[in-house]
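[1] this is a predicted model, with the sequence first.
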Amino acid sequence: MTQKEKTTSAIVRMEKVNKHFGNLHVLKDIDLEVMPGEVVVIIGASGSGKSTLIRCINGLEEFQSGHIDVDGNELTPYGKSGKALQRIRTEVGMVFQQFNLFPHLSVRDNVTLAPMKVRGWNQEDAVETAERLLQRVGIADQSEKYPTQLSGGQQQRVALARALAMEPRLMLFDEPTSALDPEMIGEVLDAMRELAREGMTMIIVTHEMGFAREVADRVIYVHKGEIAEVAPPEKIFDSPHDERTRSFLSRVL
Ligand code: ADP
Ligand code: MG
């Protein structure tokens with residue numbers, strides 16, 4: 001592939017993105033391209049800017065300079081993106097550390113709400129899709145329940161099904177297992193592993209290094225708002241070239 005073809009077929013392209021919170025320079029000249037079907041894992045210390053980076057991709061955070069293109073929709077600095085932002089919000093699914101389910105809705109209604117409201121699906125189609133997705137994440141038998149009646153691992157799988165119901169082109173995950181009891185981490189990672197195997201494009205912030213090694217096509221190490229190193233998992237975990245990556249990994253592995 002030529003460089004040009006590569007560039008035009010990326011599903012996410014960030015160019016020289018800078019983000020400040022007041023005086024704090026949180027993202028520094030971020031350049032990143034993610035290809036369709038790729039699984040990219042972002043690692044780094046707490047406060048290094050990982051959440052901010054992925055939140056910029058679906059317009060949850062404004063940035064002050066640079067460009068972000070998501071599947072042909074361009075986000076511009078200071079949040080003046082209008083229609084492009086709306087399209088990105090419908091094409092990009094996100095799963096957060098706190099599951100953010102609607103507490104007053106049943107599991108099924110949590111999953112059918114956005115497709116009906118945003119995509120205009122009729123109830124029958126939305127329910128059929130919801131049941132299929134809940135089956136896929138292994139909780140088909142919980143669809144009448146309310147979020148508080150489920151375990152954390154089950155709630156996070158509902159959140160995943162809810163995001164998938166919108167048929168996203170890209171999935172963002174921000175520490176999806178960090179709020180879970182240890183025994184529930186595996187079931188959520190299994191569902192994500194399955195999704196990766198099916199070819200979903202995924203950008204995942206996680207501290208689960210074993211999972212990253214197994215599932216990632218590329219791992220990005222973020223240090224104080226900069227991309228310090230990008231490499232395939234075996235490279236980054238076994239022979240990182242950047243001293244900062246080495247130092248971080250020696251503390252967490
Ligand atoms: P990470 O996800 O890697 O822990 P974040 O992206 O959450 O890091 O935060 C990066 C930096 O930006 C931190 O110093 C954090 O305190 C700061 N920050 C994050 N969100 C806000 C906000 N809404 N207002 C001000 N500072 C923020
Ligand atoms: Mg974070």
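    Okay, I see it. A quick note: this is a predicted structure, and the numbers were derived from the prediction, not measured. Ligands and ions are numbered 1, 2, ... in the order given.
[2] where's the closest residue to residue 122 other than its chain neighbours, which helix or strand?
    Excluding its sequence neighbours, the residue lying closest to residue 122 (Cβ to Cβ, 6 or more residues apart in numbering) is residue 116, at 7.5 Å. Placement of C-beta: from N, CA and C, glycine included. Here residue 116 sits within helix 107-117, counting by DSSP states H and E.
[3] quick check: closest non-adjacent residue to residue 242.
    Once flanking residues are discounted, residue 242 sits nearest to residue 229: 4.3 Å by Cβ to Cβ, 6+ apart.
[4] what's the spacing between the one you found and ligand 1?
    Computed as Cβ to the nearest ligand atom, to the nearest Å, the residue 229 to ligand 1 distance reads 15 Å.
[5] one more: residue 155?
    Distance from residue 155 to ligand 1, by Cβ to the nearest ligand atom: 21 Å.
[6] if we can go back for a sec, show me the contacts for the residue nearest to residue 242.
    Residue 229 makes contact with 220, 221, 236, 240, 241, 242, 244, 245, according to Cβ atoms under 8 Å, 6 or more residues apart in numbering.
[7] the residues you listed in strands, which ones?
    Using DSSP state E, the members of the contacts of residue 229 that fall in strands are 220, 221.
[8] now for the contacts of residue 229: which two are most distant?
    Using Cβ to Cβ, the pair of the contacts of residue 229 lying farthest apart is 220 and 241, separated by 13.7 Å.
[9] out of those two, which sits in the busier spot?
    Neighbours were counted for residue 220 and for residue 241 using other Cβ atoms under 10 Å; residue 220 has more, 23 against 11.
[10] bridging residues for the residue nearest to residue 242?
    Beta-bridge pairing of residue 229 under DSSP bridges involves residue 221.
[11] for residue 226, which non-adjacent residue is spatially closest?
    Among residues not flanking residue 226 along the chain, residue 28 sits closest, at 4.8 Å (Cβ to Cβ, 6+ apart).
[12] residues contacting the residue nearest to residue 122?
    By Cβ under 8 Å, 6+ apart, the contact set of residue 116 is 122, 123, 126.
[13] most neighbours out of the residues you listed, which is it?
    Highest count within these by other Cβ under 10 Å belongs to residue 126, 22 neighbours.
[14] tell me which element it falls in.
    helix 123-136.
[15] buried ones in that helix?
    Within helix 123-136, the residues that qualify as buried are 126, 127, 129, 130, 131, 133, 134, 136, counting by 16 or more other Cβ atoms under 10 Å.
[16] let me see the mean pLDDT of the helix or strand harbouring residue 85.
    For residue 85, the host element (DSSP H and E) is helix 83-91. Average pLDDT, helix 83-91: 93.
[17] what does it contact?
    57-59, 70-71, 73-75, 79, 81, 118-119, 166, 168-170.
[18] lowest-confidence entry in those residues?
    The member of the contacts of helix 83-91 with the lowest pLDDT is residue 81, at 75.
[19] quick one: contacts for that one?
    59, 73, 74, 75, 88.
[20] can you get me a residue count around the first one?
    In terms of burial, residue 59 registers 20 neighbours under the definition other Cβ under 10 Å.
[21] is it in a helix, a strand, or coil?
    Put simply, residue 59 is coil when judged by DSSP: H, G, I helix; E, B strand; the rest coil.
[22] confirm for me that it is in contact with residue 79.
    Yes. Residue 59 is within contact range of residue 79, at 7.2 Å (criterion: Cβ atoms under 8 Å).
[23] lovely, talk soon.
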